[in-house]
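> how would this look folded up:
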Amino acid sequence: MRPLSVRNPRIARLTRLVKRPGERAEQRALVVEGPVLVGAALDAGAAIRDVYVDEAAIGRPAVADVLQRLGSEVEPWALPAGALDRIGDVATSQGMLAIVDRPEPTWPVAAPSSPGERAGGAGFVVVLAGLQIPGNVGTLIRAAAAAGARAVICAGGADPSSPKVVRASAGAWFGIDVIDADDPAAVVARLQRQGWRVATAVVRGGEPYDAAPLDGPLALVLGSEAHGAGSAVEDASDLRISIPMAGSAESLNVAMAGTVLCFEIVRRSRANGVDGAATEAARLPPP
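Sure, this is the predicted structure:
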């Protein structure tokens, strides 16, 4: 364990990584906070660059367990008590923070053409079109991974490498391809050229989700909390789907709706004899 003064220039670099999306993008890095999520990164085989530990937390069982798992490849830095509270993305640190190589996912290839190729959830991808709230983005990454989706494509909106997103994903970030994109309409057009059918969720006016044709290969588009996916995406979609509401409820939160739709796609796959069952990601640690 190496001691690290708060005046060390390394602290300034670490703070920039936590606070600035551009810095994370340039360094292709993720900031992972807390021993549970650092452990999940290790479970997934992620490349750990650096680990920082609050000296007051070294003896905590969860922190000590992760430190033991690091072995000799990564020598952690010990920070003065309370320093991580000021650096990290949460008001009260969990005593550990790691910098991890961001995976380099490939864009989803041509849509799978046979039930066998679509097994295990490979028959669908999720597109997040301009979602602004990091917690919703992270929750949907978690839901998509648990349902066995091939990838989550984040087209505009909140930075998917944000520590808030990584935290809300509860470790699922390391169990599914997370792809950055800019223009949701361009993403939809590209997926359609590659053979994916595009189903966009709309608050009202779409086909009821439990009756709509959701056979793969399918790209499920979920729009922003305030404005939806936008007219260009909706007009280009092969299908619009809605979740009917009972009583006075107008709509579901996008993370709730997306979770319902992901597992409806899985249910259809099972009913059609394709094993789209939830994968090991469904047993990721709680947030």
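> what segments of this structure are strands?
2-3, 29-33, 48-54, 77-79, 96-101, 124-129, 151-155, 177-181, 197-201, 207-208, 218-223, 239-242 (DSSP state E).
> possible to save these as JSON lines with mean pLDDT?
Listed next are the strands of the chain as JSON lines, based on pLDDT from 0 to 100:
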{"stretch": "strand 2-3", "mean pLDDT": "90"}
{"stretch": "strand 29-33", "mean pLDDT": "94"}
{"stretch": "strand 48-54", "mean pLDDT": "95"}
{"stretch": "strand 77-79", "mean pLDDT": "94"}
{"stretch": "strand 96-101", "mean pLDDT": "94"}
{"stretch": "strand 124-129", "mean pLDDT": "96"}
{"stretch": "strand 151-155", "mean pLDDT": "95"}
{"stretch": "strand 177-181", "mean pLDDT": "93"}
{"stretch": "strand 197-201", "mean pLDDT": "96"}
{"stretch": "strand 207-208", "mean pLDDT": "96"}
{"stretch": "strand 218-223", "mean pLDDT": "96"}
{"stretch": "strand 239-242", "mean pLDDT": "96"}
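> just put those in a markdown table and tack on distance to G39 and mean neighbour count.
C-beta: built from backbone N, CA, C; applies to glycine. Converted to a markdown table, those look like this (distance: least, CB to CB, whole Å; neighbours: other CB atoms under 10 Å):
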| stretch | distance to G39 | mean neighbour count |
| --- | --- | --- |
| strand 2-3 | 21 | 8 |
| strand 29-33 | 10 | 23 |
| strand 48-54 | 11 | 21 |
| strand 77-79 | 18 | 21 |
| strand 96-101 | 9 | 24 |
| strand 124-129 | 25 | 28 |
| strand 151-155 | 22 | 24 |
| strand 177-181 | 19 | 19 |
| strand 197-201 | 33 | 24 |
| strand 207-208 | 41 | 12 |
| strand 218-223 | 29 | 27 |
| strand 239-242 | 37 | 19 |
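> got those strands as a markdown table, with distance to S269 columns?
As requested, the strands of the chain are arranged in a markdown table below (distance: least, CB to CB, whole Å):
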| stretch | distance to S269 |
| --- | --- |
| strand 2-3 | 49 |
| strand 29-33 | 30 |
| strand 48-54 | 35 |
| strand 77-79 | 46 |
| strand 96-101 | 32 |
| strand 124-129 | 8 |
| strand 151-155 | 16 |
| strand 177-181 | 19 |
| strand 197-201 | 14 |
| strand 207-208 | 18 |
| strand 218-223 | 10 |
| strand 239-242 | 16 |
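> worst-scoring helix or strand of the chain, pLDDT-wise?
Lowest by mean pLDDT, DSSP states H and E among the helices and strands of the chain is helix 115-118, with a mean of 48.
> burial count for N8?
Using other CB atoms under 10 Å, the number of residues around N8 comes to 13.
> er, R10 actually
Applying other CB under 10 Å, we find 13 residues neighbouring R10.
> swap in L37?
Count around L37 with other CB under 10 Å applied: 29.
> contact partners for D43?
If a contact means CB atoms under 8 Å, 6 or more residues apart in numbering, then D43 has G171, F174 as its contacts.
> sorry, back to before: who wins for proximity to P163 among the strands of the chain?
Proximity to P163 (CB to CB) singles out strand 29-33 among those, at 4.6 Å.
> contact partners of the closest one?
Contacts to strand 29-33, defined as CB under 8 Å, 6+ apart, come from residues 17-18, 23-24, 38, 41, 49, 88-90, 93-94, 96-102, 161, 163, 166-167, 173.
> could you rerun that using 6 Å?
Residues outside strand 29-33 that contact it (CB atoms under 6 Å, 6 or more residues apart in numbering): 17-18, 38, 41, 88, 97-100, 102, 161, 163, 166.
> also stretch 60-71?
Stretch 60-71 has contacts (CB under 6 Å, 6+ apart) with P35, V38, G39, L42, A57, G95, M96.
> tell me the average confidence for it?
Mean pLDDT, stretch 60-71: 92.
> export that stretch as PDB, just CAs?
The C-alpha trace of stretch 60-71 is given here as PDB (Å, rounded to 0.1, in the frame of the first residue of the first chain):
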ATOM      1  CA  ARG A  60     -13.300  -3.100   6.500                       C
ATOM      2  CA  PRO A  61     -14.000  -6.700   5.400                       C
ATOM      3  CA  ALA A  62     -15.400  -5.700   2.000                       C
ATOM      4  CA  VAL A  63     -12.400  -3.500   1.200                       C
ATOM      5  CA  ALA A  64      -9.900  -6.000   2.600                       C
ATOM      6  CA  ASP A  65     -11.400  -8.700   0.500                       C
ATOM      7  CA  VAL A  66     -11.000  -6.700  -2.700                       C
ATOM      8  CA  LEU A  67      -7.400  -5.600  -1.800                       C
ATOM      9  CA  GLN A  68      -6.500  -9.300  -1.300                       C
ATOM     10  CA  ARG A  69      -8.000 -10.100  -4.700                       C
ATOM     11  CA  LEU A  70      -5.900  -7.500  -6.400                       C
ATOM     12  CA  GLY A  71      -2.800  -9.500  -5.800                       C
END
